[in-house]
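Enquirer: my questions concern the predicted model and sequence given below.
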Amino acid sequence: MIFKSIHLKEGFFERTIKFSERVNLIHSEKNSCGKTTLLRFMLYALGYNIPNTRKIKFDRCEVELEIECEMAGTVLLRRYSDIAIEATFEDRKSTFVLPEQKADLHKIIFGTENIDILENILGAFYVDQEKGWTLLNRGVVIGSIHFNIEELIRGLAGCDCSDLIRKESQLSRELTKYKQMFSVAQYKETLDEESGTLVADSYEEEADVAINQLLLRKKQLKAELRRIDNTLSDNRRFKKFVVDMKLLIEAPDGSVFPVTENNIVGMNDAIDLLVAKRKIVSTEFAKISSQLDRLEKEKDKEYEQLEFYKSASQLEIFDKRIARMPINPLAIKQEIGKLEKEIKSVRTEITNITKNNNKVVSALSQDVIKYAEELGLGNQETIPASYLFTSNLKELSGAVLHKTAFAFRLAYIIAIENALKIKLPIILDSPSGKEVDHANIKLMMDILKRDFADHQIIIASIFEYDFERVNCIEIRERLIGIT
């Protein structure tokens, strides 16, 4: 992918910037002139959710970006707001709603439908001046955009762990809820210890018990009435069915007479019995309903009287309700332990699928070690293959961390190129860190000149770098309006 040009418009001011296919230096004599803003505008035009810079609000600007993609050819992107982006490619114009359709746009730009790659590809080719030079394998790329090496590796290797990831997410949500329940249980234990200071709501508790018992009985009676009504309905339909058949009965004396509702022996008695039983159940149901209404009114009246004499605070009301809540902290703690073990097991399985017997992991490790050795960070003996997944950044600082982040990025770019057959641009914001001397910068630039000469390189810096042909984009006082 190559950035060809960008057109920026802010109110009455506008500016068009053209990029070289090889090396581009966004330069200014001093800081805070708009170098970082230009880089962020480029990413903003690609559809990313990019934070504003201090001097410019992106949603108040119009951006048009022209890029050249390996799969889609020339793509023109127009972004006039935070909510949508218009893309023109292959003589077709489409609008993508953001952020919902960001992935659909990036499938066209980067030529892959693999979400794990698309979600992490920015962290491979863009190094932010604030977060980028401390990002190795997981963390923040810029703003709310994150990078995770495990996800990228699964995408590049074609490993599908979606079911396991969904399971882990579900278990994590359950674990969060149980931990909240345990906190409530601990709070309840505190209340139980201080029960002498709480006002006992004996009447309210007794009323709740009585109401719950009546509600249970009412539910049973309602089910009984429904059963009786169904049986009565079935019996009446059956009696009518028999009568409609117009059957004839021959008596022992030879006389013949038709079957009617009145001469079916026992049928009317059964129906009468059910009707009588329904009356009894219905009477009890009405009585229970009346008692429930009376108790509810008494309870409401009691509340009114209590409020008349005392206005309870929200905290007191909460304490009383928690104190009456049946919670077993031991059972909750056991469930938390069970969930934690299950989550650990699922994560281990995901890790094993990601790391073990994976050609992508092996290639990434080799490239990281190769560039780390060239940058004076160690060698194959001192840097294990597992270092690719390290989470121990405390031992890295200053120039060491800076160069390590650079080595990791180069390895990612190579791995993505091998998998997708695309050459990503390399965007570096302020590579000359405070603790990185000229010799180390030269080592980094020499690697780019040698191994990434066919990639577009875009550097934002107040310094100049030793490349043969550089397209210098000079920013003096302000990015847009004054050039």
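Expert: Right, received. Where do you want to start? Numbers count the residues shown, from 1 in each chain.

Enquirer: quick check: closest non-adjacent residue to residue 437.
Expert: residue 399 (7.2 Å; CB to CB, 6 or more residues apart in numbering). Every residue, glycine included, has its C-beta placed from N, CA and C.

Enquirer: now the one you found, what's its secondary structure?
Expert: helix (DSSP: H, G, I helix; E, B strand; the rest coil).

Enquirer: report how many residues lie close to it.
Expert: 19 (other CB atoms under 10 Å).

Enquirer: correct me, but it touches residue 439?
Expert: No - between residue 399 and residue 439 there is no contact under CB atoms under 8 Å: 9.8 Å.

Enquirer: relative to residue 260, how far out is the residue of the chain most remote from its centre?
Expert: Most distant residue from the mean C-alpha position of the chain: residue 253, 87.3 Å away (CA atoms, centre = their mean). Here the criterion is CB to CB, to the nearest Å. By it, residue 253 lies 19 Å from residue 260.

Enquirer: now residue 411
Expert: 96 Å.

Enquirer: quick one, which of these two is more surrounded?
Expert: Taking other CB under 10 Å, residue 411 and residue 260 do not tie; residue 411 has more neighbours (22 against 11).

Enquirer: how about the helices of the stretch 151-300 of the chain, start to end?
Expert: Applying DSSP state H, counting those that start in this stretch to the stretch 151-300 of the chain gives helices spanning 162-193, 202-244, 267-309.

Enquirer: would you agree residue 410 is in contact with residue 367?
Expert: Yes - with contact defined as CB under 8 Å, residue 410 reaches residue 367; the gap is 6.7 Å.

Enquirer: can you list contacts of stretch 177-192?
Expert: For stretch 177-192, contacts defined as CB atoms under 8 Å, 6 or more residues apart in numbering pick out 198, 319, 322-323, 325, 327-329, 332-333, 335-336, 339.

Enquirer: what's the closest of those residues to residue 228?
Expert: For these, the residue nearest residue 228 by CB to CB is residue 325; the value is 38.2 Å.

Enquirer: tell me which helix or strand residue 459 sits in.
Expert: Taking DSSP states H and E as the criterion, residue 459 maps to strand 457-461.

Enquirer: now that strand: average pLDDT?
Expert: Strand 457-461 carries an average pLDDT of 95.

Enquirer: what about residue 444, which helix or strand?
Expert: Per DSSP H and E: residue 444 is located in helix 438-451.

Enquirer: buried residues in that helix, which are they?
Expert: For helix 438-451, the neighbour count (16 or more other CB atoms under 10 Å) marks 440-441, 443-445, 447-448, 451 as buried.

Enquirer: columns neighbour count on top of the contacts of stretch 177-192, output as JSON lines?
Expert: Shown next, in JSON lines, are those (neighbours: other CB atoms under 10 Å):
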{"residue": "198", "neighbour count": "13"}
{"residue": "319", "neighbour count": "20"}
{"residue": "322", "neighbour count": "16"}
{"residue": "323", "neighbour count": "16"}
{"residue": "325", "neighbour count": "12"}
{"residue": "327", "neighbour count": "15"}
{"residue": "328", "neighbour count": "11"}
{"residue": "329", "neighbour count": "15"}
{"residue": "332", "neighbour count": "19"}
{"residue": "333", "neighbour count": "16"}
{"residue": "335", "neighbour count": "16"}
{"residue": "336", "neighbour count": "16"}
{"residue": "339", "neighbour count": "18"}
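
Enquirer: could you list which of those belong to strands?
Expert: Using DSSP state E, the subset of the contacts of stretch 177-192 located in strands is empty.

Enquirer: list just the nearest of those residues to residue 429.
Expert: Nearest to residue 429 among the contacts of stretch 177-192, with distances taken as CB to CB, is residue 339, at 41.7 Å.

Enquirer: the closest residue in space to the closest one that isn't next to it in sequence and residue 377, how far apart?
Expert: Excluding the flanking residues, the one nearest residue 339 by CB to CB, 6+ apart is residue 175, at 4.5 Å. Separation of residue 175 from residue 377 (CB to CB): 38 Å.

Enquirer: same question, residue 144
Expert: 30 Å.

Enquirer: can you check residue 359 too?
Expert: Per CB to CB, residue 359 is found 24 Å from residue 377.

Enquirer: swap in residue 25?
Expert: Distance, residue 25 to residue 377, using CB to CB: 26 Å.

Enquirer: do the same with residue 128
Expert: Look at residue 128 and residue 377: by CB to CB, they are 21 Å apart.

Enquirer: and those two? Which one has more around it.
Expert: Between residue 128 and residue 377, residue 128 has the larger neighbour count (other CB under 10 Å), namely 25 against 20.

Enquirer: spit out the contact partners of that one.
Expert: Applying CB under 8 Å, 6+ apart, the residues near residue 128 are 141-142, 429.

Enquirer: how about CSV for the residues you listed, with pLDDT added?
Expert: As requested, these are exported to CSV (pLDDT from 0 to 100):
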residue, pLDDT
141, 96
142, 95
429, 94
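
Enquirer: which of the contacts of stretch 177-192 lies closest to residue 153?
Expert: Among these, and counting by CB to CB, the member closest to residue 153 is residue 339, at 26.8 Å.

Enquirer: so how far is residue 352 from the closest one?
Expert: 20 Å.

Enquirer: now swap in residue 12 and tell me
Expert: With CB to CB as the criterion, residue 12 and residue 352 are 59 Å apart.

Enquirer: pLDDT averaged over stretch 390-404 - what is it?
Expert: 81.

Enquirer: can you list the residues that contact stretch 418-427?
Expert: Here stretch 418-427 has contacts from 1-3, 39, 42, 69-71, 110-112, 117, 121, 124-127, 156, 360, 363, 409, 413, 416-417, 448, 452, 454-459, using CB under 8 Å, 6+ apart.

Enquirer: try it again with 7 Å
Expert: Applying CB atoms under 7 Å, 6 or more residues apart in numbering, the contact partners of stretch 418-427 are 1-3, 39, 70, 110-112, 124-127, 156, 413, 416-417, 448, 452, 454-458.

Enquirer: so how far is it from its chain's centroid?
Expert: 27 Å (CA atoms, centre = their mean, to the nearest Å).

Enquirer: stretch 210-224 too?
Expert: Distance of stretch 210-224 from the chain centroid (CA atoms, centre = their mean) equals 44 Å.

Enquirer: and that stretch, what's buried?
Expert: Those would be 214, 217-218, 221, 224, for stretch 210-224 by 16+ other CB under 10 Å.
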